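Engineer: Just the structure for this:
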Amino acid sequence: MKSFRRRLLGTLLVWIGMMLAGLFIVVLQLLPIYEGAENKSDIWLILFLTFLSALLLSAIVGNRVINVNIKPVENATETALELAKGNYLARATESNAQESVELSRTINVLARNLQEITAVRVMEQERLKTLIENMGSALIMIDRQGAVSLVNKPFLDEFNLKPEAILGKFYKEIQVPNVVENFIENVFMTETHSRAQIEFVLRSKQRNLNVYGAPVIGEHERWLGIVIVFQDITELKRLEQIRKDFVANVSHELRTPVTSIKGFSETLLDGAYKDTDTLLSFLDIVHTESNRLEMLINDLLDLSNVEQSGFEVNAQPTDMKAVIKRAIEMIQPKINEKSIQLQLEIQPVIVLGDPNRLIQVMMNLLINAVTYSSNYTEITIRLFTKEDQAVIQVADQGIGIESSEISRLFERFYRVDRARSRNSGGTGLGLSIVKHLIEAHHGQVEVDSTVGVGTTFTICLPIAS
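Structural biologist: Alright, predicted model coming up:
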């Protein structure tokens, strides 16, 4: 550029010098004529026209020089300024001037390279943003000043926050549980990797999170801030607790009949068998406990079967009225023991289901109703259609269920009245089996209960077309 400027300045100076020299020569030629002329105004007119012609010619040549040499440079300068502002679509005009064409082409190559680099960067940023938003785990990034620079949607959903209420704020100002804030502060202050499992209550719900924090290191080992990732393990913790409870309950339920069988059999072996009355009494207890043990094992096998992935029922058109009557026949002795009256409000309905599994469902519901009902009460069974579904209701006049316990009613081994259900020989698995079987039929089961008044189980099943 310096060489170009010097050459351009030299060209203009030479042109001006030539114009002045030409004008000087013209004046010298006209001077003798001017001295001897009578009308000197003509001479002045000639000089003025000559000077005007020279000036006009200089303007034309100067304009040409500017158009050829100066304007491309100005255009290249304006393009460079646009590129500096971030407008990578700007392009310089490529003229035919030998000195400026290389500059314009170089600036255009630079602009195209910057445009390509920007496009790649935008694409990578979009990919990173998509990855962060859809990673499934909550993420927050904090810069070296302690301000929140990045969060994703799972984080905002997890802690019920808005982007404007967290971005740019100091990490101690955001509304998160204290245990989360303490973990962030520990990673921020120590600038080290950290991992922990934290537990807190948010919006009246228990939350369990697996948290990982790490420093963000840039070029030349420069610390840029920290990143914290939260993985929700609430459901895993719940399932783990269910597994522990299941093992504990199974162990307890198995231990009771096994202990009874072992204890009475040892007593008999020690000589109690010689007393006929004692022998028969103990054998009756052993037989009862054996039946209870067999029932528990069968229920466990049934529950394990229906909980398996891909479990399907043999659905076919089934007379639901016949299913209900068959279930009543099988538990009639239990009903008679308590002198319970059955009220049947049954309409003929054909459902799409497995008759054997539906009998099992009705038996479990009726046994549950009998177990928690007092003597001389009433159980009502209703069967009717509503829209495109069959509705089955089993209503008792039993002890009822607290509203806080209804959500746990279908858990394995959960009992409203543990003493009563154990004394009746129940395993605590019946309602759990009912729930899984109804879901396998693509139906629904609901519970409505009032303490001291009674409980109503409502089942909805698809009608056979």
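
Engineer: Which residue ranges make up each domain of the chain?
Structural biologist: Here the domain parsing of the chain from automatic domain parsing is 2-120, 135-232, 237-306, 316-462.

Engineer: from the chain's centre, how far out does the third one sit?
Structural biologist: Taking C-alpha atoms, centre = their mean, to the nearest Å, one finds domain 237-306 lying 46 Å from the centre of the chain it belongs to.

Engineer: Over to the longest one?
Structural biologist: Relative to its parent chain, domain 316-462 has a centroid offset of 38 Å by C-alpha atoms, centre = their mean.

Engineer: picking up where we left off before, taking the domains of the chain together, which one is wrapped up most tightly?
Structural biologist: Mean neighbours per residue, mean count of other C-beta atoms under 10 Å, is largest over the domains of the chain for domain 316-462, with a mean of 17. Yep, even glycine has a C-beta here, placed from its N, CA and C like the rest.

Engineer: I'd like the mean pLDDT over it, please.
Structural biologist: The average pLDDT for domain 316-462 rounds to 86.

Engineer: start to end distance for that domain?
Structural biologist: 11 Å (C-alpha to C-alpha, to the nearest Å).

Engineer: Do a quick rundown of the strands in the stretch 101-250 of the chain.
Structural biologist: For the stretch 101-250 of the chain, the strands defined by DSSP state E, counting those that start in this stretch occupy 138-143, 148-151, 194-202, 205-217, 223-232.

Engineer: looking at those, which is closest to T267?
Structural biologist: Ranking these by proximity to T267 (C-beta to C-beta) places strand 205-217 first, at 47.4 Å.

Engineer: could you give the angle of that closest one to strand 194-202?
Structural biologist: With axes from the mean of the first three to the mean of the last three C-alpha atoms, to 10 degrees defining the directions, strand 205-217 sits at 150 degrees from strand 194-202.

Engineer: the inter-axis angle of strand 205-217 versus strand 138-143?
Structural biologist: Using the same axes, to 10 degrees: strand 205-217 against strand 138-143 is 40 degrees.

Engineer: Can you check which of the domains of the chain gets nearest to R127?
Structural biologist: domain 2-120 (10.5 Å).

Engineer: pLDDT on that closest one, on average?
Structural biologist: Here domain 2-120 scores 67 as its mean pLDDT.

Engineer: And stretch 304-312, by the same measure?
Structural biologist: On average, stretch 304-312 scores 74.

Engineer: Just the residues contacting that stretch, thanks.
Structural biologist: Here stretch 304-312 makes contact (C-beta atoms under 8 Å, 6 or more residues apart in numbering) with I433, H436, L437, A440.

Engineer: Try it again at 6 Å.
Structural biologist: For stretch 304-312, contacts defined as C-beta atoms under 6 Å, 6 or more residues apart in numbering pick out H436, L437, A440.

Engineer: go on, stretch 443-459?
Structural biologist: 365, 392-398, 400-401, 406, 409, 435, 438, 460-461.

Engineer: want to throw the domains of the chain into TSV with distance to K129?
Structural biologist: Converted to TSV, the domains of the chain look like this (distance: least, C-beta to C-beta, whole Å):
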stretch	distance to K129
domain 2-120	15
domain 135-232	9
domain 237-306	31
domain 316-462	39
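
Engineer: Could you point out which of the ones you listed sits nearest E126?
Structural biologist: domain 2-120 (10.7 Å).

Engineer: Now do the helices in the stretch 351-465 of the chain.
Structural biologist: For the stretch 351-465 of the chain, applying DSSP state H, counting those that start in this stretch gives helices covering 355-371, 403-406, 418-423, 430-440.

Engineer: list the helices and strands the last one packs on?
Structural biologist: Using 3 or more C-beta pairs under 6 Å, 6 or more residues apart in numbering; DSSP states H and E as the contact definition, the elements that helix 430-440 packs against are helix 276-306, helix 355-371.

Engineer: Using CSV, list the CA coordinates for that helix.
Structural biologist: What follows is helix 430-440, C-alpha atoms only, in CSV (Å, rounded to 0.1, in the frame of the first residue of the first chain):
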residue,chain,number,x,y,z
GLY,A,430,-54.1,-59.2,45.8
LEU,A,431,-54.7,-55.6,44.8
SER,A,432,-51.3,-55.3,43.2
ILE,A,433,-52.2,-58.2,41.0
VAL,A,434,-55.6,-56.6,40.2
LYS,A,435,-53.9,-53.4,39.1
HIS,A,436,-51.5,-55.2,36.8
LEU,A,437,-54.1,-57.5,35.3
ILE,A,438,-56.5,-54.6,34.6
GLU,A,439,-53.7,-52.6,32.9
ALA,A,440,-52.9,-55.7,30.8
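
Engineer: ok so, going back, using JSON lines, lay out the strands of the stretch 101-250 of the chain together with mean pLDDT.
Structural biologist: As requested, the strands of the stretch 101-250 of the chain are arranged in JSON lines below (pLDDT from 0 to 100):
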{"stretch": "strand 138-143", "mean pLDDT": "90"}
{"stretch": "strand 148-151", "mean pLDDT": "88"}
{"stretch": "strand 194-202", "mean pLDDT": "89"}
{"stretch": "strand 205-217", "mean pLDDT": "89"}
{"stretch": "strand 223-232", "mean pLDDT": "90"}
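
Engineer: out of the ones you listed, which comes closest to I184?
Structural biologist: With C-beta to C-beta as the yardstick, what comes closest out of the strands of the stretch 101-250 of the chain is strand 223-232 (5.8 Å).

Engineer: Which phi and psi values does the spatially most central residue of the chain adopt?
Structural biologist: Centroid check for the chain by C-alpha atoms, centre = their mean gives G136 as the closest residue, at 4.8 Å. With angles defined as degrees, to the nearest 10, G136 sits at phi 90, psi -20.

Engineer: quick one, what contacts it?
Structural biologist: By C-beta under 6 Å, 6+ apart, G136 has no neighbours at all.

Engineer: The same query, at a cut-off of 8 Å, please.
Structural biologist: Contacts of G136 (C-beta under 8 Å, 6+ apart): P154.
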